[in-house]
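S.K.: coords please:
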Amino acid sequence: MFRKLLAAVCVVSALAPAAQAQITPRPEVLTGAFEAGFIGEAGEERYPVRTVRIGEVQISSGRLILADPFLMSARDRPLTVTVPPGRYPVDLAVADAGDSGQRVALARLLISGTPPVRWALAVTDEQDPATLTGDNIFGYGVDAGTGAFVDAAVPAWLESEYPGTAPVQYLDRVGGPDPAILRAHVEDVDRYMALTDGWQARGEAAAAALGIPYGFALVEPLGPGGAAMFSSGWGDGYYASWIGYGADGLPVAVVTDFAVITAVNFPPGSDSR
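M.R.: All right, here's what the predicted structure looks like:
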């Protein structure tokens, strides 16, 4: 099920024109969803939310890429925010949607235990939040029902170590298969497919053990860093992420919102209200 999520920065410059209405985050949701007893809202629906820690991901480069892990590539741009190289806990806020199952509403990379005092849209160096108005968003697309926090050094390593990465992703984009491409790269493709098949099997088993049946949750060491992968809410879509900053101005968390519960405020007149 696809639900378009639209979001923008939480702090708007005093010099911005009044007409530049943007969507703002709800700090009480981005923080509260990871606290015991939280109830998430989605229209008239109310979903109990619990926190599941899936492990710690290695971010050796100090740079983060947010992407669908089954489609990530060396072309993906890292976020402008940097973090000290190290291992970081990854938590999922899982909503109990009744007959619709256990859904990953939010995913969090916890940088420190310092409480956030403000939130800003996560962007790359090619994205300027000041250009966003109304129902516009910067985020990343999901086409395999999975999102991820990835060390920025991983995609290039992956394409070097597994040359079949590019052919397989090309076939996904064009709706392959293309026999000529497969014949030219058959061994490389087989190696890459074996890698991702392993992710799928381990991620599904781990999610089931964490009480997320039919879900996906996996933390993998990959070359110079690692990747934390998880189910993306209702499935495929385009999702925004937010960075929480402490009082000292340093980042304390990165949270991806999968639009299962309402985590943003829409501007007046928005079609998404």
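
S.K.: in the chain, what spans have low per-residue confidence?
M.R.: Low-confidence segments of the chain (pLDDT under 70): 1-20, 164-186, 269-273.

S.K.: in it, where's the longest strand?
M.R.: Longest strand of the chain, by residue count under DSSP state E: strand 45-59.

S.K.: quickly run through the sheet partners of it, with directions.
M.R.: Its sheet considered, strand 45-59 pairs with strand 39-42 (antiparallel), strand 86-96 (antiparallel) by DSSP bridges.

S.K.: what about the last one, distance to the chain center?
M.R.: Averaging C-alpha positions (C-alpha atoms, centre = their mean, to the nearest Å) puts strand 86-96 11 Å from its chain's average.

S.K.: so after that strand, what's the next helix or strand?
M.R.: Using DSSP states H and E, the helix or strand that follows strand 86-96 in sequence is strand 102-110.

S.K.: what sits against the residue nearest to Ala42 when sequence neighbours are not counted?
M.R.: In space, and not counting its chain neighbours, Ala42 is closest to Ile261: 5.2 Å by C-beta to C-beta, 6 or more residues apart in numbering. The way it works is simple: take the backbone N, C-alpha and C, and place the C-beta from them, glycine included. When contacts are counted by C-beta atoms under 8 Å, 6 or more residues apart in numbering, Ile261 touches 29, 33, 40-42, 47, 49, 95, 105-106.

S.K.: got JSON lines for the residues you listed, with distance to Asp128 and neighbour count too?
M.R.: Supplementary listing: the contacts of Ile261 in JSON lines, determined by distance: C-beta to C-beta, whole Å; neighbours: other C-beta atoms under 10 Å:
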{"residue": "Val29", "distance to Asp128": "25", "neighbour count": "23"}
{"residue": "Ala33", "distance to Asp128": "28", "neighbour count": "27"}
{"residue": "Gly40", "distance to Asp128": "31", "neighbour count": "23"}
{"residue": "Glu41", "distance to Asp128": "31", "neighbour count": "13"}
{"residue": "Ala42", "distance to Asp128": "30", "neighbour count": "17"}
{"residue": "Tyr47", "distance to Asp128": "34", "neighbour count": "20"}
{"residue": "Val49", "distance to Asp128": "32", "neighbour count": "24"}
{"residue": "Ala95", "distance to Asp128": "32", "neighbour count": "28"}
{"residue": "Ala105", "distance to Asp128": "28", "neighbour count": "27"}
{"residue": "Leu106", "distance to Asp128": "25", "neighbour count": "28"}
